[in-house]
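S.K.: Following is a predicted model, sequence given first.
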Amino acid sequence: MNDGRRTGHVPVLVEEVMGLLGCQPGRIYVDATLGGGGHALEILKRTAPDGVVIGIDWDEEAISEAKQVLRPYGERVRIFRENFIHLADLLNQIKVDQVDGILLDLGLSSLQLEKEERGFSFRGEGPLDMRMDQRIEHTAADWIDHLSREELEDVLSGYGQERWAKRIATAIVRVREQSPIQTTQALRKLVHRAVGGRCRSWRIDPATRVFQAFRIKVNDELENLRKILETGWRLLRKGGRICVISFHSLEDRIVKESFRRLEKGEMDASIPGRVIRILTPKPVRPSADERRRNPRSRSARLRCAERI
């Protein structure tokens, strides 16, 4: 049977996620960021013979890959191309009232990172696209070309936590006056020139936070995360759990604060009292062994809450 790694993508924190979700036969789980299907595959294995996975993703290529990986499980898996903020509407359409678990893995997949034409990585040369869903209207190149210097600085500092946001924004405006910035390497080289010798001792490429910032802007990632956390718990039956894997501090802070507000009953004034209990007071991190086997897991943080 397919092991879920045809593209080289290795799902992170698998054992930890499975344990927190409490996977059992006869139950329904949502993988709201299906990707290549790695986590969904494990859920299906552990909920045999009749557990069901509803998998959604807004990346058409990911959907295609996941369908191949999960094909052996037939009607036990249902796959949809959709943004997870529309999960409630989707479940209503397929006549599912509540589910036993929801998983959000907010990281990029190898499928996205390794295809230069997607523009997510500066390791190769490709167009500055960065859209997780090709139906999104504006690419990263569009935003870079049209935002004002002040708006560029806000994106870089707010979404990338970029120390040199003003310097880089100024450089972008200066360069685009001569010619559009349309490729991953053009943006990377611009950042290197703007930061100059300050980056020589950095452990990560100085373009890393810049690419993160524009990717978040293009896909409205943080606002989408807030929306699903505000509504997702309503889709869980009592005792159902939501697990979220984040990969940078902005995401993790949103998850932590949303869970705390739900636990204190502060998220929705129409619902008195607490609606969840937090099962992970501190985020679960990958083991040293997993970090060695899969370096991309090193920044992963897993939080989980249970509906009460």
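M.R.: All right, it came through fine. Model, not experiment: these values are computed from the prediction.
S.K.: Give the phi and psi angles for Gln185, as a check.
M.R.: As for Gln185, its main-chain torsions (degrees, to the nearest 10) stand at phi -70, psi -30.
S.K.: in stretch 212-222, what's buried?
M.R.: Buried residues in stretch 212-222, defined by neighbour count with 16 or more other Cβ atoms under 10 Å: 212-219, 221-222. For glycine as for every other residue, the C-beta is placed from the backbone atoms N, C-alpha and C.
S.K.: Can you lay out those as TSV showing distance to Ser64, pLDDT and secondary structure?
M.R.: Listed next are these as TSV, based on distance: Cβ to Cβ, whole Å; pLDDT from 0 to 100; DSSP: H, G, I helix; E, B strand; the rest coil:
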residue	distance to Ser64	pLDDT	secondary structure
Gln212	26	96	helix
Ala213	29	97	helix
Phe214	25	97	helix
Arg215	21	96	helix
Ile216	25	97	helix
Lys217	26	98	helix
Val218	21	97	helix
Asn219	19	97	helix
Glu221	22	97	helix
Leu222	27	97	helix
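S.K.: Pull the most distant pair out of those residues.
M.R.: Phe214 and Leu222 (13.2 Å; Cβ to Cβ).
S.K.: any chance you could map the strands in the stretch 101-250 of the chain?
M.R.: Using DSSP state E, counting those that start in this stretch, the strands assigned to the stretch 101-250 of the chain run over residues 236-246.
S.K.: Low-confidence regions, it specifically.
M.R.: 197-202 (pLDDT under 70).
S.K.: Let's see that with 90 instead.
M.R.: Scanning the stretch 101-250 of the chain with the threshold set as pLDDT under 90 gives 107-124, 196-206.
S.K.: will you turn the buried residues of stretch 212-222 into CSV that also has distance to Leu187?
M.R.: Supplementary listing: those in CSV, determined by distance: Cβ to Cβ, whole Å:
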residue, distance to Leu187
Gln212, 12
Ala213, 11
Phe214, 8
Arg215, 12
Ile216, 15
Lys217, 13
Val218, 13
Asn219, 17
Glu221, 19
Leu222, 21
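S.K.: Just the closest of these to Leu156, please.
M.R.: Out of those, the one with the shortest distance to Leu156 is Ala213. That distance is 5.0 Å, counting by Cβ to Cβ.
S.K.: check contacts around the closest one.
M.R.: Taking Cβ atoms under 8 Å, 6 or more residues apart in numbering as the criterion, Ala213 is in contact with 155-156, 158-160, 162.
S.K.: give me that answer again for 6 Å
M.R.: Listed by Cβ atoms under 6 Å, 6 or more residues apart in numbering, the contact partners of Ala213 are 155-156, 159-160.
S.K.: Could you find the closest non-adjacent residue to Leu229?
M.R.: Once flanking residues are discounted, Leu229 sits nearest to Ser258: 3.9 Å by Cβ to Cβ, 6 or more residues apart in numbering.
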